[in-house]
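Asks: Any chance you can model this:
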Amino acid sequence: MSFFGEVFSSEIIRKPVLDPKGEEIGKVKDLVIIKGDPMPIVSMLVIEKKKKLFSLPWSGLNLFNKKVISSKIYKDSLQPYEFNEEDLLVVRDILDKQIVDANGAKVVRVNDIKLEGYQDNAALTAVDVGIRGILRRLGIERSSEDFLNMFKAGLPYNLISWNYIQPLRPKLNAITLTVPRQMLAELHPADIADIISRVSREEGAHLFKDLDIETAAEALSELKPEMQADIINAMDTDKAADIIEEMSPDEAADILSDLPTKKAQEILENIEKEDAEDIQELLGHEDDTAGGLMTNEYIAYSPLMTVQEASECFKQHAKEVENVYYIYILDKEEKLIGVTSLKEMLLAEPDCLLADLMETNLKTIAPGEDEMDAAQIISKYNLLALPVVDENGYMHGIITVDDIIDMLLPPAAKRKRRKV
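Replies: The predicted structure follows:
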């Protein structure tokens, strides 16, 4: 069978198919795709004649190109075809569908599909996600290109090789074994979250469940609250607990507060006791307060510790804390008495005590104070983090500049906690 060059699906669909005598036996309705090596290939044409569907195997073709499609067999030899959910069809299952362009970290829509000759087969080699694909389907690609050329403006190509895309629906995964889902895990969590936000909930949940725990936790923190709750609520408790445990306590508390109480309690019972207690403490604070905004992840040392000792401890403790801006100094009763920056500690002599290094003129806020007061203090004194300290001097946590930015986002993305 002769197939030379390349062809797009829009140039094939609705094209007449001729028998050996040159008589039309029907028009191309769709193409059935199967897994090939290295690319998916066309296994069958679905032919429509007088509203009836017939199957024309690839082996039954004589010519297949944008000008002529001819068959080795006659109409009477064609077998009836019924649409099958198990088949993968170009028009029904790929065209106009959303896919993840893992190379470009975005969701795109398939406007056309490129086929190329490969070892007597038609291989699916790329998808067109640009304006050319749309214009080609409308039959005005050439005229549009000529028009733009008059103004010395080109019509850009936007083809993505099948090697670099990851279809979302499970049925399509079978023909893209060369593109592992790990490609998505290598994207920035914000990019993964953006992709999940742009597809249906069903597709987003399917995409999310295959991420490793660490990546899932980072991506989850970038999603809107309602989507976070939907994803975690749909998961089995063990995996949900693993993801929540991986997150910072304040982010975990935000998500758990949006879940049904029973689900939140089940998750808390399945994570480490210390982590659960940290989260429970945060859940106990009212919305719109400093306590409701803070995280209880911070690093604090004794004033009698030397800079060298603190530096050695810091190397271990910092691994477990998301953001570290300052070292807080607590006395024997765990009350806050001072603070020092990482810069000051790095510039100090190794045998210098933290007591001699710390700043004692502290800027703090009480847990019950309004969150906007915290924002004003951080802004006024150019702080990266603000300690949350109660009336007795005990430190409960810190509010970071990141927390303030999140708090000041539009209401649709703002998180509200409730007690669990």
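Asks: Quick one: residues in contact with stretch 371-389.
Replies: When contacts are defined by CB atoms under 8 Å, 6 or more residues apart in numbering, stretch 371-389 is touched by residues 288-294, 298, 323, 325-326, 328, 336, 339, 362-367, 395-401, 404, 407-408. Heads up, the C-betas are built off the backbone N, CA and C, glycines and all.
Asks: Among those, which ones are in strands?
Replies: 326, 328, 336, 339, 395-400 (DSSP state E).
Asks: what are the ranges of the helices in the stretch 201-350 of the chain?
Replies: Using DSSP state H, counting those that start in this stretch, the helices found in the stretch 201-350 of the chain span residues 201-209, 213-220, 225-234, 237-246, 249-256, 261-269, 273-283, 290-293, 307-317, 342-347.
Asks: Lowest average confidence across those helices, which one?
Replies: With a mean of 75, helix 201-209 has the lowest mean pLDDT of those.
Asks: State the mean pLDDT of stretch 6-26.
Replies: For stretch 6-26, the mean confidence score works out to 94.
Asks: Could I get the contacting residues of the spatially closest residue to Ile329 that is not a sequence neighbour?
Replies: Distances taken as CB to CB, 6 or more residues apart in numbering put Gly338 closest to Ile329, at 3.8 Å, once the chain neighbours are dropped. Shown in contact with Gly338 (CB under 8 Å, 6+ apart): 303, 328-329, 354-355, 358-360, 362.
Asks: swap the cut-off to 6 Å and go again
Replies: Shown in contact with Gly338 (CB atoms under 6 Å, 6 or more residues apart in numbering): 329, 358, 360.
Asks: Per-residue pLDDT of it, please?
Replies: pLDDT, read off for Gly338, is 96.
Asks: How is this structure divided into domains?
Replies: 1-179, 185-283, 300-413 (automatic domain parsing).
Asks: Out of those domains, which is the most enclosed?
Replies: Between the domains of the chain, domain 185-283 has the highest mean count of neighbours, a mean of 18, where neighbours are mean count of other CB atoms under 10 Å.
Asks: Specify the angle between the helix or strand containing Leu386 and strand 395-400 in degrees.
Replies: When elements are defined using DSSP states H and E, Leu386 is found to belong to strand 385-389. Counting by axes from the mean of the first three to the mean of the last three CA atoms, to 10 degrees, strand 385-389 lies at 160 degrees to strand 395-400.
Asks: where along the stretch 51-200 of the chain do the strands fall?
Replies: Here the stretch 51-200 of the chain has its strands, by DSSP state E, counting those that start in this stretch, at 52-57, 61-64, 69-71, 79-80, 88-89, 98-101, 106-109, 112-118, 121-128, 159-161, 165-167.
Asks: comparing these, which gets the lowest mean pLDDT score?
Replies: strand 165-167 (a mean of 64).
Asks: Ends of stretch 138-156, what's the gap?
Replies: 17 Å (CA to CA, to the nearest Å).
Asks: Over to stretch 389-397?
Replies: Span of stretch 389-397 from end to end, CA to CA: 7 Å.
Asks: Report the mean confidence score over it.
Replies: 95.
Asks: how far does it sit from the chain's center?
Replies: Using CA atoms, centre = their mean, to the nearest Å, the distance from the centre of stretch 389-397 to the centre of the chain it belongs to is 38 Å.
Asks: Check stretch 372-380 too.
Replies: 32 Å.
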